[in-house]
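**Student:** everything below, folded, please.
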Amino acid sequence: MAGMHGSSAPRGPMGHGGRGAAGQRIDRGTWGKLLKYCRRFVPAVAVALVCAMVGTVLTLLGPNMLSDITDAVQDGIAPDTDKLEQVVEVVTGNIEANAEAMARQQAATLAAAGAPASTGDAAAMAAATAGDAAAMAAAGTGTSDAAGAAATVGEAAPTASSAEAPAAPSLDDLASMPAEAREALLTDVEVDGVTITGADQRKLLDIFANLDMDDTEAAMAALDELPASVKSLVEPGIDMDLLARISLTLVSFYAASYILTVVQGWIMTTVTQRIGRSMRADISAKINRLPMSYFNAVPTGDILSRITNDVDMLGQSLNQSVGSLLSAVVLFFGSLFMMITTNGWMTLAAVGASLLGFALMMGIMDRSQKYFLRQQSALGALSGHIEESYTGHSVIAAYNAEDRVRAEFDRMNGELVSAGFRAQCLSGLMMPIMMFIGNFGYVAVCVVGGALALDGQIGFGVIVAFMLYVRYFTQPLSQIAQGVQALQSAGAAGTRVFEFLEAPEMADESAKPVRHARDVRGEVEFDHVRFTYAGSDKPVIKDFSAHALPGQKVAIVGPTGAGKTTMVNLLMRFFEIDGGQIRIDGVPTSEMRREDVHALFCMVLQDTWLFEGTIRENLVYCDEGVSDEDMQRACRAVGLDHFIRSLPHGYDTVLNDQVNLSQGQKQQMTIARAMIADKPMLILDEATSNVDTRTELKIQQAMDELMRGRTSFVIAHRLSTIRNADLILVMKEGDIIESGTHNELLAAGGFYADLYNSQFAE
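**Tutor:** Alright, predicted model coming up:
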C-alpha cells in the first residue's frame with residue numbers, strides 16, 4: 001500500500017527522494033556500535049588475535065637464528081685466529097719456562113765450579129728466546145695484542161739474572177745453539193689434547209719469523225704451511241650439528257607461525273560471515289518494524305544496497321583488516337624492539353627512513369575517508385535507480401524516455417566513478433609510498449651496517465638479521481595502510497548499515513492484549529479521523545466519520561486523491577492517525593496490536609503481488625491446513641481453475657519468468673488468495689480493474705458470496721460494481737460529502753449522481 005498516495009516523496013527513474021546518505025564523513029561512533037554488535041563473537045576473535053600475535057612473534061625470532069647461522073658459517077670458513085693465538089701463547093710460555101730453567105741450571109753449574117756470578121750467556125739465550133716469542137706472537141695474532149705478547153715475553157727473560165740483557169738476537173742465534181740446548185728450549189707442548197712437538201714449534205717459528213704481515217696473500221698461504229699438529233687446531237670447519245639444530249628450530253618456528261596464521265584466517269572468515277548473516281537477518285527483521293513513512297522517503301534500491309553491498313563490504317573489510325592489522329602492529333613494534341636490542345645506530349637509520357611513511361599515510365587516510373562514504377552512498381543511489389528503471393521498463397519504452405533514463409544513469413554512474421576513483425586513488429598511493437620507504441630503509445641500513453662492520457663493531461650476521469628486521473619493520477606499514485583502507489570501507493558501509501538499523505521503529509505493542517479474529521463481529525467506526533503525511537503541510541484526511549455495521553458492504557468512492565486508499569491504510573494501521581479514533585467492535589485500533597489488526601483483514605489490491613514459487617504456495621500464502629478442495633473451490637469461483645489445470649504441473653507449477661501470466665490472471669490469483677484466507681473483514685481496492693467485463697461479472701458473483709456475513713470495504717472507480725453496497729461513502733478532498741445507498745445517492749442528485757451518470761453518458 002505504500003507509495004499509493006500523492007504526497008509521498010518523489011520516486012521513479014527521474015527522481016530519488018532521498019538517497020539515505022549519511023553525511024560526508026564516517027560516523028565516529030560506528031566502531032563502538034560494531035564492537036557492541038559483535039560482542040558475542042569476542043571470544044573467537046580473541047583466539048584469532050592471539051594466534052596472529054604468537055605467529056608474528058615466532059616470525060620475529062627468525063632473523064636472530066639466521067644471524068647465528070651466518071656467524072656459524074662465517075666461523076667455519078675462516079681460520080680460528082683465537083686458537084692460533086692460544087697456540088702462540090702456549091709455545092711462547094713453554095720457551096720462556098725452559099729458558100729460565102736453563103739459565104738457573106747454568107748459573108748453578110758456574111757457581112759450583114767457582115766461576116764468577118756472571119750470567120751473560122744465560123741472559124743472552126733468554127733474550128734470544130724473547131725475540132723469537134715476540135716475532136711469533138706478532139705474526140700469529142695480527143692485532144695490537146702482538147705488542148703485548150712481545151712485551152710480556154721480553155720482560156720474562158731478565159728474570160733469570162739481574163744482568164742487563166743484550167739486544168734480542170734473531171732466530172739464527174737459536175739455530176746456532178747446540179742441539180741439546182734447542183731440544184731443551186723447544187720441548188713438546190699440548191693444546192686441547194693435540195701434542196705440538198719441538199720440530200713443529202721450530203717450523204712454526206720459522207714461518208712467522210719470515211712472514212710479512214702486510215702481504216695478505218702471503219699470510220693466507222702461510223696458514224696452509226703450518227705443521228699438521230697446529231693446522232689441525234686452526235683449520236676452518238663448519239659445525240654442522242649446530243647448523244642442523246638452529247635450522248630445525250627455525251623451520252619449526254616458521255611452520256608453527258604458518259599454522260597459526262591459517263587458524264587465525266579461518267576463525268576471522270567464519271566470524272565475518274556470521275556477522276554478515278546476522279546483519280542481513282537483522283535488516284530483514286528491521287524492515288518489518290519500520291513505519292511506511294520510511295519507505296516513502298528512501299528508495300527501495302538503496303535499502304537493497306544496504307542489505308547486499310554494504311553488508312558484504314563490511315564483512316570483507318573486517319576479514320581483511322582485523323587480523324592483518326594486529327599482526328602488522330605486533331610485527332612493527334616487535335621488529336623495532338629486536339632492532340634496538342641488536343644495534344642502536346642501525347635502528348636509528350631504519351626508523352628515520354620510515355617516519356616519512358607514517359606522516360604520508362596519516363595524511364592520505366584523513367583525506368580519503370569522505371570519499372569512501374560517498375562511494376557507498378553513490379552505489380546505493382545507483383542501485384535504486386537501476387531497480388526502479390528495470391521495474392518500469394515498459395513505461396520508459398512506451399514514453400520513449402530511454403535517453404533521459406540513460407542520462408540519469410550516466411550522471412549517477414559518474415558520481416560513483418568519481419567518488420570511487422578518488423577513494424581508490426588516494427588509498428592506492430599508500431603501497432608505492434611504503435615500498436619506496438622500505439627500499440630507502442634498506443639503503444640506510446646497508447650503509448650504516450657496512451661502516452660498523454668495517455670498524456669491527458658488528459659481524460656480518462648482524463647485518464643479515466637487520467636486513468630482515470628492516471623488512472619486518474617497513475612491511476607492516478604497507479599492511480597497516482591496506483588495513484586502514486579496508487577499515488575506511490568498513491566504516492562507510494557500517495555507517496549506512498547502522499543508520500538503517502537505528503531508524504525509528506514503530507512502537508512496541510507486545511504488552512497489549514491479544515485479540516483473536518474469531519472473536520470479532522466486524523463493526524467498524526471512524527470517529528473524526530484526521531491524518532497528514534509526514535513532511536507535508538496539507539492534510540489528506542481532514543475530518544472523516546463513518547459507521548459500518550457487521551456484515552455490511554461499504555463502498556468508498558470519489559475522485560483521485562480524495563483519500564480513499566489512505567483511509568484503508570489507516571484502517572489497517574499502516575499509518576498512525578493524527579487525531580480521532582478508529583474502532584473495531586468498540587475497541588480503538590490504537591489499543592490493539594498491529595498484527596492482530598492485520599489478522600482481521602484480507603486484502604485484494606489493484607497492484608498484484610506474486611512471489612517465485614508454486615501456484616499452490618502463492619494461493620495458501622501464510623495459511624496452514626488449507627485443503628486442496630478449498631483451494632480449488634476458490635479458484636473455480638474466480639474462473640482460474642481451468643487455466644491452472646492446463647499448465648504442465650497444475651497447481652505445482654512454479655511461477656517464474658518462463659510462466660507468463662496476464663495481469664488479469666494475477667489479479668484472479670490474489671482474489672482467490674483472499675477467499676482462501678477467510679478472514680472476518682475484507683478490503684478490495686480496485687480488485688477487478690485488470691479483468692475483462694465477463695470475468696468481472698464472474699468474479700463479482702464470487703466476491704458477493706465471499707463478502708456475505710463479512711464487513712467489506714470496497715474502493716472502486718467503476719461505480720457499476722458497487723451498486724449493491726449497503727453503504728456508499730462519497731469522499732472529496734479528505735471529507736465525506738455524501739453517504740447512503742446507490743439509489744438514495746442517485747435520487748439526491750449530488751456529487752455521486754454526477755460521477756455515476758458521467759460513466760454511462762453517451
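**Student:** show me the shaky parts of the stretch 51-200 of the chain.
**Tutor:** 74-81, 114-182 (pLDDT under 70).
**Student:** the stretch 601-750 of the chain now?
**Tutor:** 689-690.
**Student:** quick one: the helices in it, in order.
**Tutor:** Here the stretch 601-750 of the chain has its helices, by DSSP state H, counting those that start in this stretch, at 615-619, 628-637, 641-646, 663-677, 693-707, 742-748.
**Student:** take those and write them to a markdown table, including mean neighbour count and distance to residue 226.
**Tutor:** Every residue, glycine included, has its C-beta placed from N, CA and C. Putting the helices of the stretch 601-750 of the chain into a markdown table (neighbours: other Cβ atoms under 10 Å; distance: least, Cβ to Cβ, whole Å) gives the following:
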| stretch | mean neighbour count | distance to residue 226 |
| --- | --- | --- |
| helix 615-619 | 20 | 97 |
| helix 628-637 | 17 | 107 |
| helix 641-646 | 14 | 107 |
| helix 663-677 | 22 | 105 |
| helix 693-707 | 17 | 117 |
| helix 742-748 | 15 | 131 |
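**Student:** tabulate these (a markdown table), appending distance to residue 302.
**Tutor:** Below are the helices of the stretch 601-750 of the chain laid out as a markdown table (distance: least, Cβ to Cβ, whole Å):
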| stretch | distance to residue 302 |
| --- | --- |
| helix 615-619 | 28 |
| helix 628-637 | 38 |
| helix 641-646 | 37 |
| helix 663-677 | 27 |
| helix 693-707 | 38 |
| helix 742-748 | 45 |
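**Student:** which parts of this protein are strands?
**Tutor:** For the chain, applying DSSP state E gives strands covering 189-191, 194-196, 524-531, 541-548, 553-557, 579-584, 587-588, 601-604, 613-614, 654-655, 681-685, 711-715, 727-732, 735-740.
**Student:** and the fifth one, what does it pack against?
**Tutor:** Under the contact criterion of 3 or more Cβ pairs under 8 Å, 6 or more residues apart in numbering; DSSP states H and E, the helices and strands touching strand 553-557 comprise helix 564-571, strand 711-715, strand 727-732.
**Student:** can you put the strands of the chain in a markdown table and add distance to residue 486 and mean neighbour count?
**Tutor:** Formatted as a markdown table, these follow (distance: least, Cβ to Cβ, whole Å; neighbours: other Cβ atoms under 10 Å):
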| stretch | distance to residue 486 | mean neighbour count |
| --- | --- | --- |
| strand 189-191 | 64 | 16 |
| strand 194-196 | 64 | 16 |
| strand 524-531 | 47 | 19 |
| strand 541-548 | 51 | 19 |
| strand 553-557 | 55 | 23 |
| strand 579-584 | 51 | 18 |
| strand 587-588 | 52 | 15 |
| strand 601-604 | 46 | 22 |
| strand 613-614 | 39 | 14 |
| strand 654-655 | 41 | 16 |
| strand 681-685 | 49 | 24 |
| strand 711-715 | 52 | 25 |
| strand 727-732 | 56 | 22 |
| strand 735-740 | 58 | 17 |
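**Student:** now distance to residue 436 too, for these, in TSV please.
**Tutor:** Converted to TSV, the strands of the chain look like this (distance: least, Cβ to Cβ, whole Å):
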stretch	distance to residue 436
strand 189-191	55
strand 194-196	56
strand 524-531	65
strand 541-548	68
strand 553-557	74
strand 579-584	69
strand 587-588	72
strand 601-604	66
strand 613-614	58
strand 654-655	59
strand 681-685	67
strand 711-715	71
strand 727-732	74
strand 735-740	75
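**Student:** export the helices and strands packed on strand 553-557 to TSV and tack on distance to residue 267?
**Tutor:** Converted to TSV, the helices and strands packed on strand 553-557 look like this (distance: least, Cβ to Cβ, whole Å):
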stretch	distance to residue 267
helix 564-571	48
strand 711-715	56
strand 727-732	62
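**Student:** neighbours of the nearest residue to residue 264 once chain neighbours are set aside, how many?
**Tutor:** Computed as Cβ to Cβ, 6 or more residues apart in numbering, the closest residue to residue 264 that is not its neighbour in sequence is residue 51, at 4.0 Å. As a burial measure, residue 51 scores 24 neighbours (other Cβ atoms under 10 Å).
**Student:** residues contacting residue 51?
**Tutor:** Counting by Cβ atoms under 8 Å, 6 or more residues apart in numbering, residue 51 makes contact with 260-261, 263-264, 267.
**Student:** residue 544 is nearest to which of the helices of the stretch 601-750 of the chain?
**Tutor:** helix 742-748 (17.7 Å; Cβ to Cβ).
**Student:** quick one: contacts of the closest one?
**Tutor:** Outside of helix 742-748, the residues within contact range by Cβ under 8 Å, 6+ apart are 722-725, 728, 730, 738, 740, 752-753, 756.
**Student:** mind doing that once more with 6 Å?
**Tutor:** Contact with helix 742-748 is made by 723, 728, 738, 752-753, as judged by Cβ atoms under 6 Å, 6 or more residues apart in numbering.
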